[in-house]
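Visitor: sharing a sequence plus its predicted fold:
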Amino acid sequence: MLDIKLIRQNPDLVRENMKKKFQEDKLPLVDSVLEKDVELRLAKSEGDDLRAKGNQTAKQIGALMAAGKKEEAEAAKAEVSGFKARVAELEEKERILNAEVREIMLKIPQIISDDVPPGKDDSENVEVARFGNCVKKAFDIPYHTDVMDSFNGLELDSARKTSGAGFYYLKGDVARVHSAILSYARDFMIDRGFEYYVPPIMIRSSVVSGVMSFAEMDNMMYKIEGEDLYLIGTSEHSMIGKFMDEIIPEENLPQALTSYSPCFRKEVGAHGIEERGVYRIHQFEKQEMIVICRPEDSLEWFGKLWNNTVDFFLSLDIPVRALECCSGDLADLKVKSIDIEAWSPRLEKFFEVGSCSTLGDAQARRLGIRVRPQDKDAQKYFAHTLNNTVVAPPRALIYFFENNINEDGSVNIPLPLRPYLGGAEKILPKA
């Protein structure tokens with residue numbers, strides 16, 4: 001959410017930002033919020049004036065009574081009563097206008113970084129760099145469900161019976177690899193100085209509206225019927241929400257956190273290539289990174305976060321590339337974003353396995369996350385928030401198996417993962 005002062009002082013900047021994001025349909029929001037802001041400020045000003053006049057008149061009543069000027073005192077009382085009635089009307093008007101202004105402000109996108117490449121959708125994202133050796137194997141790699149079946153490690157039909165499409169059972173060695181990757185991801189981030197959390201997987205609507213846009217909420221979130229609770233689509237939601245309405249001492253920044261959670265997503269309208277199996281599903285698990293920091297430190301942290309994911313996948317012998325998200329592919333709260341994509345030697349293409357974003361002060365403004373400066377004379381300010389995926393299996397298993405499979409169907413276990421699998425150097429297909 002933007003600062004209303006920015007919209008008052010530079011509405012053309014806000015409009016131009018909407019155009020960069022190909023959201024011309026939102027342009028009327030600028031005039032609408034400015035009009036309501038003027039109404040709101042006039043109501044506040046009139047209310048303040050009447051309160052001041054009421055207080056001044058009320059002070060005169062006692063003196064008038066003491067001087068025997070009863071009629072004048074009664075007139076003053078009536079005047080004060082009129083002031084109070086009008087102030088009550090104005091306070092109700094302020095309440096309504098505040099809600100209307102906030103509702104519009106929540107729909108106005110964050111100002112994106114100047115260096116974000118222009119583009120209408122994800123087809124125009126820009127490759128930043130590639131990491132690792134992206135080679136085609138000398139043999140045909142089976143589809144990931146066939147690989148998992150060879151280990152007797154995947155049941156989709158059973159999941160359809162219990163839960164419907166988009167769910168799965170993992171078992172045996174496949175389930176062990178899944179858990180091993182998550183355990184390794186946890187320790188990988190702890191070793192890099194992040195504090196480990198297991199957060200709530202349900203959050204209130206006040207947190208949901210603070211961490212994401214309405215469009216994302218409708219397309220992603222599952223609502224708990226009859227409760228003011230939603231299942232999280234990522235642990236970033238509950239981790240950022242943890243700081244709601246807090247004033248953080250500046251000396252306690254940065255907050256560098258890593259969290260594990262199950263995640264749940266509707267995936268509305270998310271259809272296309274590689275839909276079968278465990279590529280696009282409603283339930284998965286994820287290790288996440290979250291940073292809360294000073295504004296001047298957010299870009300440095302942005303670089304650190306996405307490079308952490310690159311290092312993690314390379315340690316599992318999975319080549320990746322980094323893509324800078326173009327203006328039209330950025331969600332409304334994001335200032336800048338980089339997607340990490342893993343190499344598929346089967347298709348000789350890259351597929352998304354994580355996304356790193358800096359959101360500026362957008363989430364902090366919505367949730368009231370402020371910082372108390374060490375300089376006692378300085379004013380409090382809104383923190384900056386960032387998030388990034390470490391790894392999100394079972395999708396990550398697809399590229400783990402494809403990049404580590406051998407011609408005989410066995411799968412090599414990279415060195416960092418072996419301690420979590422009893423020292424095994426490879427897993428073998430079932431006879």
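Guide: Perfect, I can see it now.
Visitor: can you count the residues close to residue 154?
Guide: The local packing count at residue 154 equals 25, with neighbours defined by other CB atoms under 10 Å. Placement of C-beta: from N, CA and C, glycine included.
Visitor: correction: residue 90
Guide: 19.
Visitor: helix, strand or coil: sort out the closest residue to residue 289 other than its chain neighbours for me.
Guide: In space, residue 289 comes closest to residue 388 once its chain neighbours are excluded; the distance is 4.5 Å by CB to CB, 6 or more residues apart in numbering. Per DSSP: H, G, I helix; E, B strand; the rest coil, the secondary structure class of residue 388 is strand.
Visitor: right, and residue 388 touches residue 307 too?
Guide: No - taking contacts as CB atoms under 8 Å, residue 388 lies outside contact range of residue 307: 9.6 Å.
Visitor: per-residue pLDDT of the closest residue to residue 124 other than its chain neighbours, please?
Guide: For residue 124, ignoring the flanking residues on the chain, the nearest one in space by CB to CB, 6+ apart is residue 326 at 4.6 Å. Model confidence at residue 326, given as pLDDT, is 98.
Visitor: just to revisit the earlier point, more neighbours, residue 388 and residue 307?
Guide: It is residue 388, of residue 388 and residue 307, that has more neighbours when counted by other CB under 10 Å, with 26 against 16.
Visitor: show me what that one is bridged to.
Guide: As for beta bridges, residue 388 partners with residue 289, residue 356 under DSSP bridges.
Visitor: need the strands for the stretch 251-400 of the chain, in chain order.
Guide: Chain-ordered strands for the stretch 251-400 of the chain, with DSSP state E, counting those that start in this stretch as the definition, fall at 255-264, 283-293, 320-324, 336-344, 349-358, 370-372, 381-382, 384-391.
Visitor: between the ones you listed, which gets nearest to residue 65?
Guide: With CB to CB, the closest approach to residue 65 among the strands of the stretch 251-400 of the chain belongs to strand 370-372: 47.3 Å.
Visitor: return the list of helices and strands in contact with the closest one.
Guide: Applying 3 or more CB pairs under 8 Å, 6 or more residues apart in numbering; DSSP states H and E, one finds that strand 370-372 contacts strand 247-249, strand 381-382.
Visitor: list the contacts of the last one.
Guide: So the one you mean is strand 381-382. Among residues not part of strand 381-382, those counted as contacts by CB atoms under 8 Å, 6 or more residues apart in numbering are 295, 361, 364-365, 369-371, 373.
Visitor: with just CA atoms, put stretch 336-344 into CSV.
Guide: Taking C-alpha atoms only, stretch 336-344 is exported to CSV below (Å, rounded to 0.1, in the frame of the first residue of the first chain):
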residue,chain,number,x,y,z
LYS,A,336,11.1,-6.3,-7.8
SER,A,337,11.2,-10.1,-8.3
ILE,A,338,13.5,-12.8,-9.6
ASP,A,339,12.2,-16.3,-10.4
ILE,A,340,14.6,-19.3,-10.0
GLU,A,341,14.0,-22.0,-12.6
ALA,A,342,15.5,-25.6,-12.5
TRP,A,343,16.8,-27.4,-15.6
SER,A,344,14.8,-30.3,-17.0
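Visitor: re earlier: surely the residue nearest to residue 124 touches residue 113?
Guide: No - assessed by CB under 8 Å, residue 326 is found out of contact with residue 113, at 11.8 Å.
Visitor: looking at those two, which has the bigger crowd around it?
Guide: Between residue 326 and residue 113, counting by other CB under 10 Å, residue 326 is the more crowded of the two (23 against 17).
Visitor: how close does the more buried one sit to residue 339?
Guide: Distance, residue 326 to residue 339, using CB to CB, to the nearest Å: 11 Å.
Visitor: again with residue 368
Guide: From residue 368 over to residue 339 the distance is 30 Å, taken as CB to CB.
Visitor: for the residue nearest to residue 124, what are its contacts?
Guide: Residue 326 sits next to 116-122, 124-126 when contact means CB under 8 Å, 6+ apart.
Visitor: what about those, which are in strands?
Guide: Mapping the contacts of residue 326 onto strands (DSSP state E) picks out residue 126.
Visitor: between the contacts of residue 326, which is closest to residue 284?
Guide: Of all the contacts of residue 326, the one sitting nearest residue 284 is residue 122; the distance, using CB to CB, is 20.0 Å.
Visitor: my read: that closest one touches residue 330, true?
Guide: No - counting by CB under 8 Å, no contact exists between residue 122 and residue 330, whose distance comes to 10.1 Å.
Visitor: so these two - more neighbours on which side?
Guide: Between residue 122 and residue 330, counted using other CB under 10 Å, residue 330 has the larger neighbour count: 21 against 13.
Visitor: tell me where the stretch 101-250 of the chain has helices.
Guide: Shown for the stretch 101-250 of the chain, the helices assigned by DSSP state H, counting those that start in this stretch span residues 144-150, 157-162, 172-191, 205-211, 214-220, 235-241.
Visitor: for the stretch 301-431 of the chain, which residues score under the pLDDT cut-off?
Guide: Within the stretch 301-431 of the chain, the segments meeting pLDDT under 70 span 431.
Visitor: ranges for the helices of it?
Guide: When secondary structure is read from DSSP H, counting those that start in this stretch, the stretch 301-431 of the chain shows helices at 362-367, 395-404.
Visitor: okay if I get those as a markdown table plus distance to residue 193 and mean neighbour count?
Guide: Written out in a markdown table, the entries for the helices of the stretch 301-431 of the chain read as follows (distance: least, CB to CB, whole Å; neighbours: other CB atoms under 10 Å):
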| stretch | distance to residue 193 | mean neighbour count |
| --- | --- | --- |
| helix 362-367 | 22 | 25 |
| helix 395-404 | 23 | 24 |
